[in-house]
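S.K.: Next one to model:
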Amino acid sequence: MRRIGILGGGQLGRMAMEEARKYLAHIEVLTPDYPSPASDLADAAHVGPIDDYESVLEFAEEVDIVSYEIEGVSVSALRELERRGKAVLPAAGILEAIRDKHVQKGILAAAGIPTARYAILDEAAAGRPSPGSLEAAARVLGGFPIVQKARSGGYDGRGVAVLGAADDPRALACPSYAEERVDFEKELAVVVALAPDGSSAVYPCVEMVFDPRANLCDSVLAPARVGDALRAEAESVALACVRALCEASLRSLSPAAGCAGVFGVEMFLTRAGGILVNEVAPRPHNSGHFSIEACASSQFDQYVRLLLGLPLGSPELLRPAMMVNLVGDPSAAGTGDAACEPEYRGLEEALAVPGVSIHLYGKREVRPFRKMGHLTALGSTPGEAVTRAEAARARISIRGR
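M.R.: Residues are numbered from 1 along each chain as shown. Modelled structure (predicted):
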C-alpha cells in the first residue's frame with residue numbers, strides 16, 4: 001500500500017481522505033495544529049511547521065509520496081526531497097512558479113494567456129509600496145482605483161486591497177504588485193486534473209459568487225450560466241494555463257511525479273464578453289467542491305488517484321449543482337482569549353430539502369465568516385439547484401457557545 005504524506009491539516013486534506021478510503025490508501029499528515037480537520041481522519045498525524053525545512057524532510061521519511069493542501073510549505077525541502085528521489089505532487093517547481101503570483105502572471109502572459117494588466121510595486125517604509133510606485137502603476141493601468149495583491153500568502157480575501165489613491169491607508173505592507181480593476185460580469189472557475197502522462201480531466205466551468213463582507217467565495221453554481229461556446233473557451237483556457245505553468249517549470253520537475261496535480265483556475269468574464277485569468281491554485285479548490293456529489297469522479301478522487309498512480313476518472317457533470325460555503329455567523333466570537341466552540345443549528349431542517357448534502361469540516365473554533373463546512377444541492381436544472389441550496393442555507397446558522 002502506497003504511503004501518502006500531506007502537508008497541512010485543513011479541510012482539503014480531510015475531503016481527500018474521505019475519498020481515499022475506497023482505495024485503502026494510507027495517509028499521514030504534517031500539521032501545525034492538532035486536532036485539525038485532516039488529522040481527525042489521518043492514519044497518522046505529525047505535529048510541526050509545514051514551512052520548516054527540517055520538519056518537512058523528517059516527515060517525508062515516513063511516506064512514499066509527498067503533497068500539500070496549502071501553498072505555504074517549504075519549497076526548498078520539497079526540492080531536496082525530489083533530489084533524493086522522493087515523489088512530490090505537484091512538483092516543487094510548479095508550486096514555486098504558482099505561489100509567487102507576480103511570477104505566475106508573467107508565465108501566463110508569456111504564454112499568451114489573457115490576464116488583467118499588471119505592474120510590479122516597489123517597497124518603501126514599513127514594507128508598503130511608495131506613493132510614487134502606486135502613481136506609476138495607476139498611469140500604466142488606466143488610473144485609480146487599482147487592485148494591490150500580495151505576491152504570496154493571500155487567500156480567502158486576504159492579501160488583496162482596492163486602492164483609490166496613492167496615499168490610500170489600505171495599502172498592504174508586503175511584497176506586492178498592482179492590477180487594473182476589471183469590470184467583470186461574473187467570476188468563473190475551472191478545475192483541471194493533469195496526469196504525468198499528459199492526460200487531463202477538465203471539469204465544467206462554474207460561476208462563483210463572492211460575499212463582499214469578507215471578500216471570500218460564497219457559492220458556486222455548476223454549470224455556469226453562460227453560453228456553450230463561452231464555457232468551452234473557459235475550459236480550454238484553464239487547461240492551457242496549467243500546461244503553461246508546468247512547461248515553465250520543466251527543468252525542475254520531479255521525475256517521479258512529473259507535471260501532475262489538481263489545479264483550480266479562477267477567471268473573470270468581462271462585461272465585453274472576454275475571459276481574463278485571475279489566478280491558479282496548485283491543489284483542489286473551493287470552486288470544485290460541488291464535484292463530490294455532482295460529478296462522476298470528484299476533484300478529490302482525481303487527487304487521490306494521482307497520488308496513488310491510478311488513471312484519472314471522468315469529470316462528467318451528472319446533475320446541475322450549487323455549492324454554498326457554510327461560514328461562522330458574523331456575531332460568532334469567543335469571550336476574551338477563549339476559543340469559541342461552534343454550535344450548528346438547523347442541520348436537520350436543511351437536510352430535509354431534497355437533493356441537499358452537507359459536509360462539516362470539524363474545526364474546533366468558529367469565527368465570523370470562517371469556513372466551517374459546505375452544502376451542495378443537486379437539481380434537474382441549475383435553477384432548481386439554486387432554489388434548493390438557498391432554502392437549505394436559510395435554515396443553517398453556525399454560532400459560538
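S.K.: Verify the contact between residue 213 and residue 329 for me.
M.R.: No: with contact defined as Cβ atoms under 8 Å, residue 213 does not reach residue 329; the gap is 11.8 Å. Using the backbone N, CA and C atoms, a C-beta is placed for each residue, glycine as well.
S.K.: what about these two, which has more around it?
M.R.: Taking residue 213 and residue 329 together and counting by other Cβ atoms under 10 Å, residue 329 has the greater number of neighbours (20 against 12).
S.K.: And the helices in the protein?
M.R.: For the chain, the helices defined by DSSP state H occupy 11-20, 53-60, 75-83, 92-99, 101-110, 131-141, 228-248, 291-294, 299-308, 347-351, 382-393.
S.K.: Residue 120: which of those is closest?
M.R.: Smallest distance to residue 120 across the helices of the chain (Cβ to Cβ): 6.3 Å, for helix 101-110.
S.K.: Now do the phi/psi pair for residue 212.
M.R.: With angles defined as degrees, to the nearest 10, residue 212 sits at phi -70, psi -20.
S.K.: How many neighbouring residues does it have?
M.R.: Using other Cβ under 10 Å, the number of residues around residue 212 comes to 8.
S.K.: Roughly how far does it sit from residue 367?
M.R.: Distance of residue 212 to residue 367, computed by Cβ to Cβ, to the nearest Å: 18 Å.
S.K.: so where's the stretch 301-401 of the chain shaky on pLDDT?
M.R.: Counting by pLDDT under 70, the stretch 301-401 of the chain contains low-confidence ranges at 334-339.
S.K.: let's see it at 90
M.R.: Along the stretch 301-401 of the chain, the parts satisfying pLDDT under 90 run over 331-340, 401.
S.K.: now do the stretch 101-250 of the chain
M.R.: Across the stretch 101-250 of the chain, the ranges flagged by pLDDT under 90 are 120, 122-128, 130, 152-159, 173-174, 212-216, 247-250.
S.K.: how about a cut-off of 80?
M.R.: Within the stretch 101-250 of the chain, the segments meeting pLDDT under 80 span 123-127, 154-158, 250.
S.K.: per-residue confidence at residue 258?
M.R.: Predicted confidence (pLDDT) for residue 258: 67.
S.K.: Was I right to think residue 372 contacts residue 364?
M.R.: No: using Cβ under 8 Å, residue 372 is not in contact with residue 364, being 10.3 Å away.
S.K.: Looking at those two, which has the bigger crowd around it?
M.R.: Neighbour count, other Cβ under 10 Å: between residue 372 and residue 364, residue 372 has more, with 25 against 13.
S.K.: Let me see the contact set for that one.
M.R.: Residue 372 makes contacts with 326, 327, 328, 342, 344, 360, 361, 363, 366, 398, as judged by Cβ atoms under 8 Å, 6 or more residues apart in numbering.
S.K.: Now flag whichever of those residues is closest to residue 43.
M.R.: Nearest to residue 43 among those, counting by Cβ to Cβ, is residue 361 at 18.8 Å.
S.K.: Skip the chain neighbours and tell me the closest residue to the closest one.
M.R.: residue 11 (4.0 Å; Cβ to Cβ, 6 or more residues apart in numbering).
S.K.: same thing with residue 391?
M.R.: Nearest one to residue 391, counting by Cβ to Cβ, 6+ apart, is residue 353 at 5.1 Å.
S.K.: wait, that neighbour sits on residue 390?
M.R.: No: counting by Cβ under 8 Å, residue 353 sits too far from residue 390 to count as a contact (9.5 Å).
S.K.: higher neighbour count, the two?
M.R.: Set side by side, residue 353 and residue 390 show more neighbours around residue 353, with 18 against 14, by other Cβ under 10 Å.
S.K.: Relative to residue 388, how far out is that one?
M.R.: Relative to residue 388, residue 353 is positioned 5 Å away (Cβ to Cβ).
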